[in-house]
Structure formats: C-alpha cells, structure tokens
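> Output the structure for:
(one chain, ligands or ions: 1)
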Amino acid sequence: MNAPEPAIRARKLRKAYRHYASPIDPLLEIVRGVPRHTEQVALRSIDLEIKRGEIVGILGRNGAGKSTLLKIIAGTLERTSGDLDINGRITAILELGTGFHPDYTGRENIFMGGLCLGMTRIEIDRKIDSIIDFSELRDVIDQPFKTYSTGMQARLTFSTAISVDPDILIVDEALSVGDARFQMKCFGWIQQLKKKGATVLLVSHDTNTITTFCDRAMILENGAVFAEGDAKPMTVLYHNLLFGQSPAAKQPENTTLESVSIPDAAPPPAGSPSEATLVTENTPIAALTPQAAQTQAPSPSSSQATGARYGSGEAELLDWGLVDGQDRDMPIVASGARFRLKMRLACREDIQDLSFGFAIKDRKGTVVWGKTNLTATQQAYSAHSGDVLTVTCDGTMWLAAGDYFVTLGAARLADGTKIDFIEDALQFRVVGTTGIFTTSIVNLDSTLAVVAASTMDQGKPAAEALT
Ligand SMILES: Nc1ncnc2c1ncn2[C@@H]1O[C@H](COP(=O)(O)OP(=O)(O)OP(=O)(O)O)[C@@H](O)[C@H]1O
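Below you'll find the model as predicted:
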C-alpha cells in the first residue's frame, strides 16, 4: 500500500528578495536588460515534509526566514525556485487583520475576510453567528475594526480564519497577542482540528507553546533548516542557539535529532522517599548566603540530567541539587514531601544586580512552577568577585506523579542577561499520588466529602447542610 500523501512537501525551496535603490530601477532593469538590484536570500534550499494530522512548530531567530516560508506555503508569496506540493484546503493567519479594513465594522470584516478565504455569502451567513460567538465580540461587532484593541483584532482574525474548517492551518505568532484564556481556547480548537486529521504549522518564539502543542519542531537558521526532530530537544537546541555557542559548533545543517530519551530515575536514596524529612521548615525561600570562595569540585548527584548550559561567564555554577532534610539527593520525591533545591555560584566579577531562579518543567517542557529571588523578595542581590553564593529554595512537592526537570541559574536583573543557566539540570520523579486522576497535573492538598441530606433539610442553606 502506498504511504499517504504528505500535507506539505517542499523541495529545494528558495526565496531571494530583490532590493532596488530607486523605484524606477525595476522598470529600467526591464528596458535596459541590465540588473539594477541586489538580492537578499531569505530561504536557501528548504526541504520539508509534513504529514497529515501533524502539528509542527517552527522556531528561529529574527530574520531566519520563518515568515517567508509560511507565506510561500500559504500562497501569498512567490518562491524564486524549488517545488512545493500542498494537499488540502489551507488557511493562514499570518498577520493580524490582513485583508480587514480598519473603517469597516467587525461584522463587515467577517464578510470580507470570509470571501477572501473562499467562502460564499450563503456560507458566511450560515457561520457568522458562530464566528461572532467564538470571538466573544458580540457587544462590539458593529463598531469599526480600528477601534478594537490588538487582542480583539486577534480574536476576530482567528475566529474568521478557522471558520473555513481548513485541512492545513498556518499560524504565525498571531495567537500570542490574545489573552491567555483566548489562547487556550484557540489551542483547544487546534487540538480538535488535529483530531479531525488536519495539519497545523505554528511559528512561535515561545518554546512552551511548541513543546505543549507540537509533535515535531524545526529550527530555521539563516534561511535553512538547521535541525528538526521531537519538539522538546528542538527547544533545548534553540536555547543553545540563542544563548550558547555558534550554530556550527552545536549542530550540523539539516540534521535530524532523535527524541530525547528520558532515563528511568535512579533508585531512591537510603530511606524511603515517603520518609523524606522536613528541610528546616523555617529557612526562608531563596536564602542567599555569601560565603568565602571555595574550591570544591562539582559533585554530580544521582538525579543530574543533561541540558543546554549558557551564560556570560561572569559567575559559574559549581554544583546544584534537589535534596531532602539530610542533604541527600532526591531522584524520587514522594508527593507531599518537603524538598530543597539548591545551587552554588562562584562569582568571577563584582555583580550588582543578580537574580537567581529555579523552574520545574514537565516532560513536555511546560513550566509547571518557577521562583526567583525577585518574585520571592523583589530584590536583586549584589556579590563580589570571589564570593560563592549558596541559593536554596524549600518547598512541598504538590506535583502529580510523573517525571520532571529542573532548570536553574543566575541572570542579571537589569537586562535579563543569563550569567550561568542550565536547562534541565536535574531530573526527578514524583510518586505516591493516590486518589486523584492519573491525568492530574498537581496533587492539591484536598479531601472529598459527601454529605447526605434528607429532604427535611430542604430550604436550609447548602453550606449549612454540608457542615
Ligand atoms: N519584503 C521583503 N523584502 C526584502 N527582504 C525581506 C522582505 N521580507 C523579509 N526579508 C528579509 O528576509 C529575511 C527573512 O525574513 P523573515 O521575515 O522571513 O524572517 P523571520 O524568521 O520571520 O523573522 P521574525 O522572527 O523577525 O519575524 C530577513 O533577512 C529579512 O530582512
């Protein structure tokens, strides 16, 4: 049996924009037959294949060629050379309000947008109520589009675009301007679309969005596919690209990464994890203790994981860990146990505006918790060359069962420059969450009670009947 046709297939896709010094130059070029332009190559030679039903994320720095690629796939921009096969009805949300007229009302713009998307008037008439409902803009739908906030424009653009039930949906950052609740609604709709077998191509600079929603991701760099593979390793690689060494040193062009294999957590330390004792409960979170410079070598713990490391080098993390009350590594943490996250940072220079942070991510790369001295104390910290700072963060593990990763490091408060940051520096497993849904994300400290009230209680306030 033949493999099903991919939704999108590109071979040697190239795009060179022409720059003319003067508006008359294109005409002179034709008349005189002599080139009067310079070329900006936006896409060099892109090969890609996207299967039906896949959600693929595209990452890349500013100017990498993402929008150019999406516009060519969407058919709004001509390619210079190469082959492109598209199988299915395509809808693209490339820029907010594209094709929408600022003086027309929201309702009129739904009509115009719908016609541009290939719907008939009858089809639009049939769908307009559900479009307005999805946008949640019924109160202002008869006001001019130009009076809408950016988020409201995003709602109308998205709601109109998705009403055609596309086979292929292309979204270029447009969702990032909507508020968080509307974004969730859109992503929920995208998941539904995927279940129906549609293909989604999503550009986002937000790596959480990529790991949460995408099956695969692709990094564009300098107009070429730098790497592609499972979403999670691609986001780690992308961080490397942004903050680490030069791309050439990290990953050869056009290579495919295998998915990150998450090793099983090591066995628990001596003593059952459920016996994990309180770690100095009264120790303040992010207690920062400057100490005399120490030369102790890093001591890898059993829960150390691997991840990208990047930073300016003004200070260096010496060691880090997730430990219990006796300072033992906790590769396995019982739900409800106290824990301490810690790291030691050796300063090579005087640093006036230090901030430190820990974040916990789940297997998909979604940050499920994070804390810095800024959120905790709203203060930056000053350190001198030669200081070794010990940073600790104590807490109670109320995450649901599963595997998690800790990202940690130090940054400058003023401009966010990373000083020494390690993605996924630690890995741990939470166990012992009985009595909650296996799909739970957190294990809230909760009890379930049922009170049977007789019909005699009717008329009493519900709260009273339940106490
Ligand atoms: N209309 C244009 N005319 C000339 N050059 C262009 C044009 N559009 C894009 N470019 C150039 O092509 C390259 C790729 O641009 P593109 O917008 O595709 O990048 P991008 O990855 O989407 O960037 P960003 O993340 O900033 O949106 C850049 O060097 C840009 O300057």
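
> so Arg216 sits right up against Val56, yeah?
Yes. Counting by Cβ atoms under 8 Å, Arg216 touches Val56, with 5.0 Å between them. For the C-beta atoms, the positions are set from N, CA and C on the backbone; glycine is no exception.

> which of those two has more neighbours?
Neighbour tally, Arg216 and Val56, criterion other Cβ atoms under 10 Å: the higher count belongs to Val56, 21 against 18.

> which ones are touching the residue nearest to the spatial centre of the chain?
For the chain, Asn208 is the residue whose C-alpha lies nearest the centre (Cα atoms, centre = their mean; 1.9 Å). Contact partners of Asn208, counting by Cβ atoms under 8 Å, 6 or more residues apart in numbering, are 365-367.

> helix or strand for it, which one?
Asn208 is part of helix 207-213, with elements assigned from DSSP states H and E.

> any idea how far Gly409 is from the residue nearest to the centre of the chain?
Relative to Gly409, Asn208 is positioned 17 Å away (Cβ to Cβ, to the nearest Å).

> Out of the contacts of Asn208, which sit inside strands?
For those, membership in strands holds for Val367, with DSSP state E as the criterion.

> pLDDT and neighbour count for the contacts of Asn208 - can I get that in JSON lines?
Listed next are the contacts of Asn208 as JSON lines, based on pLDDT from 0 to 100; neighbours: other Cβ atoms under 10 Å:
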{"residue": "Gly365", "pLDDT": "74", "neighbour count": "23"}
{"residue": "Thr366", "pLDDT": "81", "neighbour count": "14"}
{"residue": "Val367", "pLDDT": "87", "neighbour count": "13"}
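
> Let's verify Arg28: helix, strand, or coil?
One thing to correct before we go on: residue 28 is Leu, not Arg. For Leu28, the assignment made with DSSP: H, G, I helix; E, B strand; the rest coil gives helix.

> Just give the closest residue to it, not the sequence neighbours.
With sequence-adjacent residues excluded and distances taken as Cβ to Cβ, 6 or more residues apart in numbering, Leu28 is closest to Arg36, at 5.6 Å.

> for that neighbour, phi and psi?
For Arg36, the backbone dihedrals are phi -130, psi 30 (criterion: degrees, to the nearest 10).

> Please apply the same query to Leu318.
phi -90, psi -50.

> dump the residue contacts of the residue nearest to it when sequence neighbours are not counted.
Counting by Cβ to Cβ, 6+ apart, the nearest residue to Leu318 once its immediate chain neighbours are dropped is Arg344, at 4.4 Å. If a contact means Cβ under 8 Å, 6+ apart, then Arg344 has 294, 317-320, 388-391 as its contacts.

> secondary structure element for Glu49?
strand 37-50.

> Now find how far off-centre that strand is within its chain.
Relative to its parent chain, strand 37-50 has a centroid offset of 25 Å by Cα atoms, centre = their mean, to the nearest Å.

> relative orientation of the helix or strand following that strand and strand 37-50 in degrees?
Per DSSP H and E, the first helix or strand lying C-terminal to strand 37-50 is strand 55-60. Taking axes from the mean of the first three to the mean of the last three Cα atoms, to 10 degrees, one finds that strand 55-60 is oriented at 150 degrees with respect to strand 37-50.
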